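> need a 3D model of the following:
(one chain, ligands or ions: 1)
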Amino acid sequence: MTYHTILIVGGGNAGIAVAARLKLANKDLDVAIIEPSEKHYYQPGWTLVGGGSFPIQKTVRSQQSYIPSGVHWIKDKVVSFQPESNSLLTSSNTEISYDFLVVAPGIQLNWHLIKGLKETLGKNNVTSNYSFETAPYTFQCIRNFKAGQVAIFTSPSTVVKCAGAPQKIMYLAADYFRKHSMKEDAKIDFSTAGKKLFSIPKYADALQKVVDKYMIEVNYRHELIAVDGERKVATFRVTDETETTWEVKKKFDMLHVTPPQSAPDFISSSPLADTQGWVDVDKHTLQHKKFVNVFALGDAANTPNAKTGSAISKQAPVVAQNILLSIKGEHLKAVYDGYGSCPFIVGYGKLILAEFNYENIPKETFPFDQSKPRWTMWMLKKYFLPWYYWNRVLKGLS
Ligand SMILES: Cc1cc2nc3c(=O)[nH]c(=O)nc-3n(C[C@H](O)[C@H](O)[C@H](O)COP(=O)(O)OP(=O)(O)OC[C@H]3O[C@@H](n4cnc5c(N)ncnc54)[C@H](O)[C@@H]3O)c2cc1C
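Okay, the predicted model is just below:
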């Protein structure tokens, strides 16, 4: 058995940000990260990649170069947790114990829940920005699209990371089609299992104007359940207000899929999970509700905020500070207010920056109405935020 004072599960956005902050606060702390991947991805860049506006190579870097100096990198996968004995087990059968545990393994993409999708994803004009491998293919599909054809964009009924991403790529595609003389000839269909465009009225109203402008047909309560890539047919389960369901088949020429998502299986089957499978933490202190030396943040935590990297920028300082206070035996003081943001790209050079808290109250950074599409916010997304991620967030400086 090996031991580390602070053990972090997952070296993605959340895990690295917390490790960096802990080491900045005290360089002598014994911190280890368990992370199987040699690559670190900037996932928010994949929307622009799919729109042909950002090179995919700029969204990936070596994990090694972002493990904060002095932090032990355990290149392995966690398979189970034994929080009663302050230990966990990895896939190489190594037991590791800790004083404090930070759980940040992200969300699980359940591609397999859509029948036929795995066989056809990345070909037959079936694509998804939710994967490094297929995000560049999205732009190929957009470029190959012709007047008179049908493009379908989907969104599942589950929680997803970046709830705006299923729509952002649709608006980029719509703008691209217009700029290539397909104003009324491109049929764009947003088939979503949701019941509205966005949960906050201010931004939902702004998005409705965008949908109207592009003449997008929105079909609510439509859950994608199967894809036949060769025949170019997508099957949806439709549910009405009385919960009656039936199936609808739609022909497409291009299909952008947002896969159903869930807590990772090794989390849902662990003693750390709530009834839905997410890590069960206090939504303000991010401390586990049962095991006081366990904290969680990022997409795997059950905090009811939008699952985004922007939320992690506010959560990471809270987790780091509360662990440092716990080490000193003091009360937890740092509090997360549910902040999240969604940079809604609504066309090339146009972005609505939604920012809000747990109460779904807009918490806008800039002194202007952020629900209006702006070029400056597009510049922020395209140039500033990637720089900020690699140079500030992952260094614990955000
Ligand atoms: C297309 C797309 C667009 C997005 N756009 C935005 C945006 O505009 N703005 C925004 O703020 N956010 C956006 N996001 C969301 C953002 O990328 C995520 O919310 C963020 O990456 C979550 O961070 P995380 O650390 O929780 O998970 P991740 O960054 O996914 O990291 C999880 C890490 O845990 C590791 N791991 C998994 N299982 C194990 C295991 N068993 N043991 C050990 N390690 C494990 C993984 O290898 C991974 O490195 C977008 C995401 C996508 C896909």
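> pretty sure residue 312 sits in a helix.
Yes: counting by DSSP: H, G, I helix; E, B strand; the rest coil, one finds residue 312 located in a helix.
> the closest residue to the ligand within the stretch 101-250 of the chain: what secondary structure?
Closest contact between the stretch 101-250 of the chain and the ligand, by CB to the nearest ligand atom, is at residue 106 (2.8 Å). For the C-beta atoms, the positions are set from N, CA and C on the backbone; glycine is no exception. Reducing the assignment at residue 106 to three states with three-state DSSP gives coil.
> and the closest residue to it other than its chain neighbours, how far from residue 264?
Spatial nearest neighbour of residue 106, excluding adjacent residues (CB to CB, 6 or more residues apart in numbering): residue 299 at 4.7 Å. With distances taken as CB to CB, to the nearest Å, residue 299 is found 9 Å from residue 264.
> write out the residues of the stretch 251-398 of the chain neighbouring the ligand.
Residues of the stretch 251-398 of the chain found near the ligand (CB under 6 Å from any ligand atom) are 264, 266, 298, 299, 300, 307, 308, 309, 310, 312, 343.
> which of these sits closest to the ligand?
In terms of CB to the nearest ligand atom, no member of these lies closer to the ligand than residue 298, at 2.4 Å.
> any idea how far the closest one is from residue 200?
As it turns out, when the distance is counted by CB to CB, residue 298 lies 22 Å from residue 200.
> touching both of residue 299 and residue 264, which residues are there?
Any residue near both residue 299 and residue 264 by CB atoms under 8 Å, 6 or more residues apart in numbering counts here, and that gives 106, 107.
> the two - which one has more neighbours?
Applying other CB atoms under 10 Å to residue 299 and residue 264 shows that residue 299 carries more neighbours, namely 27 against 23.
> parallel or antiparallel, which strands does the host helix or strand of residue 249 pair with?
Residue 249 belongs to strand 245-251 when elements are defined using DSSP states H and E. Sheet pairing here is set by DSSP bridges, and for strand 245-251 it gives strand 233-239 (antiparallel).
> return the set of residues that bridge with the closest residue to residue 293 other than its chain neighbours.
Leaving aside its chain neighbours, residue 293 sits nearest to residue 100 (5.0 Å; criterion: CB to CB, 6+ apart). As for beta bridges, residue 100 partners with residue 6 under DSSP bridges.
> I'd say residue 100 and residue 8 touch.
No: counting by CB atoms under 8 Å, no contact exists between residue 100 and residue 8, whose distance comes to 9.2 Å.
> which one of those two has more residues nearby?
When residue 100 and residue 8 are compared for neighbours, residue 8 comes out ahead with 29 against 23, by other CB under 10 Å.
> contact partners for that one?
Neighbour list for residue 8: 15, 18, 19, 31, 32, 33, 34, 101, 102, 104 [criterion: CB under 8 Å, 6+ apart].
> could those residues go into a markdown table alongside distance to the ligand, pLDDT and neighbour count?
Shown next, in a markdown table, are the contacts of residue 8 (distance: CB to the nearest ligand atom, whole Å; pLDDT from 0 to 100; neighbours: other CB atoms under 10 Å):
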| residue | distance to the ligand | pLDDT | neighbour count |
| --- | --- | --- | --- |
| 15 | 6 | 98 | 27 |
| 18 | 9 | 98 | 31 |
| 19 | 11 | 98 | 31 |
| 31 | 15 | 98 | 24 |
| 32 | 11 | 98 | 21 |
| 33 | 8 | 98 | 27 |
| 34 | 5 | 98 | 24 |
| 101 | 12 | 98 | 26 |
| 102 | 10 | 99 | 27 |
| 104 | 5 | 98 | 30 |
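> how about the residues you listed in CSV, adding secondary structure?
Conversion of the contacts of residue 8 to CSV gives the following (three-state DSSP):
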residue, secondary structure
15, helix
18, helix
19, helix
31, strand
32, strand
33, strand
34, strand
101, strand
102, strand
104, coil
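> show the pLDDT at residue 183.
Each residue has a pLDDT score; the one for residue 183 is 64.
> hmm, I was thinking of residue 194
In this prediction, residue 194 has a pLDDT value of 97.
> doesn't it lie inside a helix?
No: the secondary structure assignment for residue 194 gives coil rather than a helix, going by three-state DSSP.
> give me the neighbour count for it.
Counted with other CB under 10 Å, the burial measure for residue 194 works out to 18 neighbours.
> ok, residue 387 next?
Each residue near residue 387 was counted by other CB under 10 Å, and the total is 9.
> mean confidence for the one helix or strand it maps to?
Counting by DSSP H and E, the element that carries residue 387 is helix 385-391. Averaged over helix 385-391, pLDDT sits at 98.
> what do you get for stretch 87-100?
Taken as a whole, stretch 87-100 carries a mean pLDDT of 98.
> next one: stretch 318-335
Per-residue confidence for stretch 318-335 averages out to 97 on the pLDDT scale.
> could I get the buried residue list for it?
318, 319, 320, 321, 322, 323, 324, 326, 327, 332, 334 (16 or more other CB atoms under 10 Å).
> check for me that the last one belongs to a helix.
Spelled out, that is residue 334. No: Residue 334: not assigned to a helix; according to three-state DSSP it is coil.
> distance of it relative to residue 317?
Residue 334 sits 7 Å away from residue 317 when distances are taken as CB to CB.
> got a list of what residue 205 touches?
By CB under 8 Å, 6+ apart, residue 205 lies in contact with residue 371.
> circling back: identify the residues contacting the helix holding residue 387?
Helix 385-391 is contacted by residues 13, 42, 44-45, 54, 58-59, 61, 66, 309, 343, 397-398 when judged by CB under 8 Å, 6+ apart.
> buried stuff in that helix?
For helix 385-391, the neighbour count (16+ other CB under 10 Å) marks 385, 386, 389 as buried.
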